[in-house]
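Undergrad: got a predicted structure here, sequence first:
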2 protein chains.
Amino acid sequence: MTLVECVPNFSEGRRMWVVDEVVAAVEAVEGVALLDRQSDATHNRSVLTFVGKDDAVGEAAFRSVEAAVRFIDLNHHEGAHPRMGAADVPFVPLKADDMAACIALAHATGARIARELGVPVYFYEEAARREERRNLADVREGQFEGIREAIGADPGRAPDEGAPQVHPTAGAVAVGARVPLIAYNINLDSPDLDLAKRIATAVRERDGGLPKVKAIGLALDDAVQVSMNLTDYRTTSLAAAYDAVAALARDAGVAVRASEVVGLLPQEALVGLARATLRATGFTLAQVLEARVLDTLL
Amino acid sequence: MTLVECVPNFSEGRRMWVVDEVVAAVEAVEGVALLDRQSDATHNRSVLTFVGKDDAVGEAAFRSVEAAVRFIDLNHHEGAHPRMGAADVPFVPLKADDMAACIALAHATGARIARELGVPVYFYEEAARREERRNLADVREGQFEGIREAIGADPGRAPDEGAPQVHPTAGAVAVGARVPLIAYNINLDSPDLDLAKRIATAVRERDGGLPKVKAIGLALDDAVQVSMNLTDYRTTSLAAAYDAVAALARDAGVAVRASEVVGLLPQEALVGLARATLRATGFTLAQVLEARVLDTLL
């Protein structure tokens, strides 16, 4: 059973009745669990989080985009966040082995959006069909207004699905597949912000640190924090990130006070934690009672 | 949502058609996931593992006992394992906070077994109504033949539900509630069986070690093992058991080679592991994506 998360962003964060319509479209699909909805008026964006079996999640994603296309007009949209269309739709496998299924789901859903809604689609991240489209920011370059001009004029900007012209109101939609991101912070028992920044620099991939780790140093009220995004927990796990930060802090004579997972993570990340911290190399997701229940009942 | 595991034992491990009938009774209940079935001809016992919402699991447990009562005759049962009736039925909460709900489920199911099937019921472990009935072995003292005599004659052996006489063929049934047990082994990089035995003695509750831990030392082909049962992972966690054994081994100059979880464990035990090993004191089950999906969809 392939369990998939979808975290679509919609270019509407002010007219709550529109967001309600999009949410209702998701909730109408049986077997889909809506876990979160958040709207931001400044960005004029909303993000939903829902999870279910791959086919149900694909259906809910399509219907949510359908509702967004019906009600969102990029000609009258402004906000702090870059946008090129009514929605960006990433599919996220809860088990890393299911990435191929998520990519297939992204491609099928994208083709359907182009065909049934007349909105051109770009595939990004793991679902990208062109290497230069992996990064959503690159795909979105120029935003709605710029892509409206470039999509038909520049072959490099032609969509992956649909005709090379934006939908007059809904623009273009990005559909992707990616590993779940884990937001993970470690608080150090010290007021030394420079230390937190040095450790962040040492552990982040950009500066030669751990692969698939982003990090910054932050000051809290009574401590400092190494704030990380683990963009692929199978490459650099919670345990590996913790151990690296704790070792660097220890070298400076500083202890870890606590750590915090921000938001949600997949069960598989905890199984990896057990493998690492208990040297339980044979431990698998199939030994978690709740994983078995989901597999059997969904 | 209260997710409950039931691990009933039935006094039949040879006539597989009878076990099939019991299994079919469980599988007929919607919303119940049968995770495992095992039969042992020497013990002449079978054990099922199924999980679901509390009401569905209670229904499945009742129906499985109904099937067992129909087909099992203790007058013609022999096997290596002690038995007093057709079944023993423990309910196990997947979240420790749900123990009260499991005890209530045990009491309701036991009352129904006595009322509808005419089989007297004893409550044990957390569901015990008399302190001396917590231990199933004490309840079962004398087995079917002894209890048949004692149940009406000795007020101390009167059942908790039903008339003080055994069912003529199905005997008496035990219904209980207990914390999930985690079978957990740690292999040491050493051939020294005495070391494994010394560590087992040091960590087990019986000899003054860790609470809710049973342990023995065993020889493997190329290593030795501290083999444990953690009978309440919220009292002594996987991390605490690992740390205690690893520290004692280290004192003897021996490293942990690997550890293994045998069988299934609840998600909550992994959440506890994250709290301990990452000092992630605020981390909760509600942050595990799959836990949220189960809560929403079941």
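TA: Yep, that arrived. Residues are numbered from 1 along each chain as shown, chains lettered A, B, ... in the order given.

Undergrad: not counting sequence-adjacent ones, nearest residue to whichever residue of the stretch 101-250 of chain A sits closest to chain B?
TA: The stretch 101-250 of chain A approaches chain B most closely through residue A:242 (5.2 Å), counting by CB to the nearest CB. Every residue, glycine included, has its C-beta placed from N, CA and C. Once flanking residues are discounted, residue A:242 sits nearest to residue B:278: 5.2 Å by CB to CB, 6 or more residues apart in numbering or on different chains.

Undergrad: count of residues packed around that neighbour?
TA: 24 (other CB atoms under 10 Å in any protein chain shown).

Undergrad: how about residue A:265?
TA: By the criterion of other CB under 10 Å, residue A:265 has 25 neighbours.

Undergrad: which element is residue A:62 on?
TA: Element membership for residue A:62, per DSSP states H and E: helix A:54-71.

Undergrad: cool, residue A:258 as well?
TA: strand A:256-262.

Undergrad: which strands or helices does that strand pack on?
TA: The contact analysis (3 or more CB pairs under 8 Å, 6 or more residues apart in numbering or on different chains; DSSP states H and E) places strand A:256-262 against strand A:182-188, helix A:238-251.

Undergrad: looking at the ones you listed, which is buried most?
TA: strand A:182-188 (a mean of 22; mean count of other CB atoms under 10 Å in any protein chain shown).

Undergrad: ok, and the closest non-adjacent residue to the one residue in the stretch 1-150 of chain A that gets nearest to chain B?
TA: Per CB to the nearest CB, residue A:33 is where the stretch 1-150 of chain A lies closest to chain B, at 3.4 Å. Nearest in space to residue A:33, with sequence neighbours left out and distances taken as CB to CB, 6+ apart, is residue B:296 at 3.4 Å.

Undergrad: surely that neighbour is in contact with residue A:31?
TA: No - under the criterion of CB atoms under 8 Å, residue B:296 makes no contact with residue A:31, lying 10.2 Å away.

Undergrad: ok, and what's touching stretch A:17-32?
TA: A:10, A:12-13, A:34, A:37, A:39, A:46, A:48, A:50-53, A:56-57, A:59-60, A:63-64, A:66-68, A:70-72, A:298, B:297 (CB atoms under 8 Å, 6 or more residues apart in numbering or on different chains).

Undergrad: and for stretch A:132-145?
TA: Under CB under 8 Å, 6+ apart, the answer for stretch A:132-145 is A:74, A:77, A:82-85, A:88, A:122-126, A:128, A:147, A:149-150, A:156, A:160, A:166, A:171-172, A:174, A:176.

Undergrad: so where's the stretch 51-200 of chain A shaky on pLDDT?
TA: Scanning the stretch 51-200 of chain A for pLDDT under 70 picks out no residues.

Undergrad: show me which residues of it are close to chain B?
TA: A:51-52, A:94, A:180 (CB under 8 Å from any CB of the partner chain).

Undergrad: one more time with 10 Å
TA: Counting by CB under 10 Å from any CB of the partner chain, the stretch 51-200 of chain A comes close to chain B at A:51-53, A:56, A:92, A:94-95, A:180, A:184-187.

Undergrad: where along the stretch 1-150 of chain A do the strands fall?
TA: For the stretch 1-150 of chain A, the strands defined by DSSP state E, counting those that start in this stretch cover A:3-6, A:9-10, A:32-40, A:45-53, A:87-93, A:121-125.

Undergrad: the shortest one packs against which elements?
TA: Contact analysis of strand A:9-10 by 3 or more CB pairs under 10 Å, 6 or more residues apart in numbering or on different chains; DSSP states H and E lists helix A:16-27, strand A:45-53, helix A:54-71, strand A:87-93 as its packing neighbours.

Undergrad: give me that answer again for 7 Å
TA: On a contact count with 3 or more CB pairs under 7 Å, 6 or more residues apart in numbering or on different chains; DSSP states H and E, strand A:9-10 meets strand A:45-53, strand A:87-93.

Undergrad: quick check: the closest residue to residue A:239 other than its chain neighbours vs residue B:14, distance?
TA: Among residues not flanking residue A:239 along the chain, residue A:276 sits closest, at 3.9 Å (CB to CB, 6+ apart). Remark: distance between residue A:276 and residue B:14 (CB to CB, to the nearest Å) = 44 Å.

Undergrad: the residue in the stretch 151-298 of chain A that chain B sits nearest to: neighbouring residues, count only.
TA: The stretch 151-298 of chain A approaches chain B most closely through residue A:296 (3.4 Å), counting by CB to the nearest CB. Here the number of neighbours of residue A:296 (other CB under 10 Å) works out to 15.

Undergrad: can you give me the helices for the stretch 51-200 of chain A?
TA: A:54-71, A:99-117, A:136-139, A:143-153, A:193-203 (DSSP state H, counting those that start in this stretch).

Undergrad: buried stuff in the first one?
TA: Spelled out, that is helix A:54-71. Neighbour counts using 16 or more other CB atoms under 10 Å in any protein chain shown place A:54, A:56-69, A:71 of helix A:54-71 among the buried residues.

Undergrad: neighbours around residue A:276, how many?
TA: With other CB under 10 Å as criterion, residue A:276 counts 17.

Undergrad: hmm, it is touching residue A:237, no?
TA: Yes - assessed by CB atoms under 7 Å, residue A:276 is found in contact with residue A:237 at 6.0 Å.

Undergrad: if we can go back for a sec, and the helices of the stretch 51-200 of chain A, which is most packed in?
TA: When those are compared using mean count of other CB under 10 Å, helix A:54-71 is most buried, at a mean of 22.

Undergrad: that one to strand A:32-40, inter-axis angle?
TA: Helix A:54-71 and strand A:32-40 are oriented at 40 degrees to each other (axes from the mean of the first three to the mean of the last three CA atoms, to 10 degrees).

Undergrad: since that was my last question, I'll sign off now.
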